[in-house]
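Participant: okay, sequence plus prediction incoming.
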Amino acid sequence: MSARVLPTRPWVRRALLCLLVLVLFAPVFGWASGVVGYAEPLENAAHAAGASGAASAPSGLLSGYGVAGLDGPVGTLAAAALGTLLTLGVALGAGRLLER
Amino acid sequence: MHIPDGFLDPRVAGLFWLGSGVAIGLAVRRARGELGDERTPLLGVVAAGIFAAQMLNWPIPGGTSAHFVGGAFAGILLGPSLGVLAMTAVVTIQAFVFGDGGIVALGANLFAMAVVDVLVGYALFRACRGVHETGAAAIAGWGAITVSALVVGLGVGFSSAFAYAVGTTVPIMVVGHALLGLVEGAITAAVYGYVADARPDLVLGRSADEAAAPEVGA
């Protein structure tokens, strides 16, 4: 990534390090939430209102925050890294475009 | 919080698309004057950080789990316009790349997480910061996610898939997220406190950027 797009100021380097730490934590949290069972209030509301079957299967290149062929924590880690980089790139790119 | 396709009636989904389209359009217009070599990298880093933080599902004993949503945090740190843009990037990538939230429902997910969460969080922070700054960040994180949950509860509750059971969906969403929102408020306050200490110049209202961040108007 060029210095023009993302200047290498000290705070930017520290922030990128923080992003790396968050990405490394993703598989750990993925495993831990799987242990207690994952349910959000929206799922509970769907269950209570009988809408459980209405949702279509999720579609997307990296559906369910995993990578095809990479099982478990490795897939989660790869998805977290790819998604974080992609978001950084899209937000930076949009920001730079709007500057003009 | 992410609504999958199939949960919303087309007219409800359309209304959400309209609302988020107008708000994001206004945010884009207002953001042009704010972006530059200081704020644009911050926009990218905050968006990426929120994406990564949303992947961390905090396990809560009793069979539930919550993740940080981050709209209020984005609004507080970046201001309403850039906050809306950061969350728009996150929620859109989640839908198209990760299948988290539907495509038809994307307008609703943007409205809840990229518009309401950001603007309510920003407004609560501005209203309370005079009393206690970190406390205001906590209230903003908690309050904004609870109001966003109300919006989602109303959206699904007025849809046929939920048998128009708005009296069921709203309490479940609001009470559930009011409780889980305590984690959201704590994280918002902790990260805001850290950034405000480490780099007060990056925080909105601690620098000349104040003038570049108009009040909530979208």
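Facilitator: All right, it came through fine.
Participant: count the residues that sit near residue 75.
Facilitator: Here I'm looking at chain A. Using other Cβ atoms under 10 Å in any protein chain shown, residue A:75 has 19 neighbouring residues. Just so you know, the C-beta spots here come from the backbone N, C-alpha and C atoms, and that holds for glycine as well.
Participant: could you do chain B instead?
Facilitator: Residue B:75: 33 surrounding residues under other Cβ under 10 Å.
Participant: what do you get for residue B:68?
Facilitator: Residues near residue B:68, counting by other Cβ under 10 Å, number 24.
Participant: just residue A:13 next, same as before
Facilitator: If we define neighbours as other Cβ under 10 Å, then residue A:13 has 11 of them.
Participant: what is the mean pLDDT for the particular helix or strand that has it in it?
Facilitator: Taking DSSP states H and E as the definition, one finds residue A:13 inside helix A:10-36. In this model, helix A:10-36 has a mean pLDDT of 90.
Participant: tell me the buried residues in that helix?
Facilitator: A:11, A:15-16, A:18-19, A:22-23, A:25-27, A:29-30, A:33, A:36 (16 or more other Cβ atoms under 10 Å in any protein chain shown).
Participant: keep only those residues that also lie close to chain B.
Facilitator: A:11, A:15-16, A:18-19, A:22-23, A:25-26, A:29-30, A:33, A:36 (Cβ under 8 Å from any Cβ of the partner chain).
Participant: now those as TSV including distance to residue A:85?
Facilitator: Shown next, in TSV, are those (distance: Cβ to Cβ, whole Å):
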residue	distance to residue A:85
A:11	19
A:15	14
A:16	10
A:18	14
A:19	9
A:22	12
A:23	9
A:25	16
A:26	13
A:29	19
A:30	18
A:33	23
A:36	29
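Participant: farthest pair within these?
Facilitator: Within these, A:11 and A:36 form the most distant pair, 35.8 Å apart (Cβ to Cβ).
Participant: save the buried residues of helix A:10-36 as JSON lines, and put in distance to residue B:159 too.
Facilitator: Below are the buried residues of helix A:10-36 laid out as JSON lines (distance: Cβ to Cβ, whole Å):
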{"residue": "A:11", "distance to residue B:159": "44"}
{"residue": "A:15", "distance to residue B:159": "40"}
{"residue": "A:16", "distance to residue B:159": "41"}
{"residue": "A:18", "distance to residue B:159": "39"}
{"residue": "A:19", "distance to residue B:159": "36"}
{"residue": "A:22", "distance to residue B:159": "34"}
{"residue": "A:23", "distance to residue B:159": "35"}
{"residue": "A:25", "distance to residue B:159": "35"}
{"residue": "A:26", "distance to residue B:159": "32"}
{"residue": "A:27", "distance to residue B:159": "35"}
{"residue": "A:29", "distance to residue B:159": "31"}
{"residue": "A:30", "distance to residue B:159": "30"}
{"residue": "A:33", "distance to residue B:159": "27"}
{"residue": "A:36", "distance to residue B:159": "29"}
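Participant: can you give me the helices in chain B?
Facilitator: B:10-31, B:39-54, B:71-78, B:80-98, B:106-109, B:117-128, B:133-157, B:166-198 (DSSP state H).
Participant: ok, which of those comes nearest residue A:7?
Facilitator: Nearest to residue A:7, of all the helices of chain B, is helix B:39-54, at 6.0 Å by Cβ to Cβ.
Participant: is the closest one positioned near chain A?
Facilitator: Yes - interface with chain A: helix B:39-54 contributes B:39-41, B:43-53 (Cβ under 8 Å from any Cβ).
Participant: now do that helix against helix B:80-98, angle only.
Facilitator: Between helix B:39-54 and helix B:80-98, the angle comes out at 50 degrees (axes from the mean of the first three to the mean of the last three Cα atoms, to 10 degrees).
Participant: for helix B:39-54, list the C-alpha coordinates in PDB.
Facilitator: The C-alpha coordinates for helix B:39-54 follow below in PDB (Å, rounded to 0.1, in the frame of the first residue of the first chain):
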ATOM      1  CA  ARG B  39      -9.200  11.800   8.500                       C
ATOM      2  CA  THR B  40      -9.100   9.500   5.500                       C
ATOM      3  CA  PRO B  41      -6.600   7.000   7.100                       C
ATOM      4  CA  LEU B  42      -8.600   7.200  10.300                       C
ATOM      5  CA  LEU B  43     -11.800   6.300   8.300                       C
ATOM      6  CA  GLY B  44     -10.100   3.300   6.800                       C
ATOM      7  CA  VAL B  45      -8.600   2.100  10.100                       C
ATOM      8  CA  VAL B  46     -11.800   2.600  12.100                       C
ATOM      9  CA  ALA B  47     -13.900   0.700   9.500                       C
ATOM     10  CA  ALA B  48     -11.400  -2.200   9.400                       C
ATOM     11  CA  GLY B  49     -11.200  -2.300  13.200                       C
ATOM     12  CA  ILE B  50     -15.000  -2.400  13.500                       C
ATOM     13  CA  PHE B  51     -15.100  -5.300  10.900                       C
ATOM     14  CA  ALA B  52     -12.500  -7.200  12.900                       C
ATOM     15  CA  ALA B  53     -14.100  -6.400  16.200                       C
ATOM     16  CA  GLN B  54     -17.500  -7.600  14.900                       C
END
